[in-house]
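Student: prediction below, plus the sequence it came from.
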Amino acid sequence: MGRLLSWLLAAGTGLWIGWVMLAADESVRIERAAAACGTVAKALGSTVRMVSPAVGESLFALHDEWSQRCQESIWYGFYSENQEPGEASEKPAATVRARKSRVAPEDQL
């Protein structure tokens, strides 16, 4: 059972990395990479909501914030080109706004 679980985890991780890397646009790659954070927030909120609805709802509401923070971390780690964190703070937020409104990030800066 342990080997099967390990194999499934490795296969899932490999598929996720492939899914992220297949995106041609950096904003799509960032969004796809951060999807795991959002999924964890949703799953955690849904699970806790069974025991405590109020706490579960507050965790479920953190989905957007966790996704935003994860996207910022990915952007700073891979795309910031050695900028200080305060210098490039608009880029990740613009990327998130662009994905929600389907407008190019450059148009929103």
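Tutor: Cool, the structure landed.
Student: list the contacts for the most centrally placed residue in the chain?
Tutor: By C-alpha atoms, centre = their mean, the chain has its centre lying nearest to Ala34, at 1.6 Å. Remark: with contacts taken as C-beta atoms under 8 Å, 6 or more residues apart in numbering, Ala34 is in contact with 67, 70-71, 74. From N, CA and C alone the C-beta is placed, and that goes for glycine too.
Student: what is the burial count for Asp64?
Tutor: With neighbours defined by other C-beta atoms under 10 Å, the count for Asp64 comes to 12.
Student: list the buried residues of the one helix or strand the residue nearest to the centre of the chain maps to.
Tutor: Mapping Ala34 onto the secondary structure by DSSP states H and E places it in helix 26-51. Burial within helix 26-51, assessed by neighbour count using 16 or more other C-beta atoms under 10 Å, is assigned to 27, 29-35, 37-38, 41-42, 44-45, 48-49.
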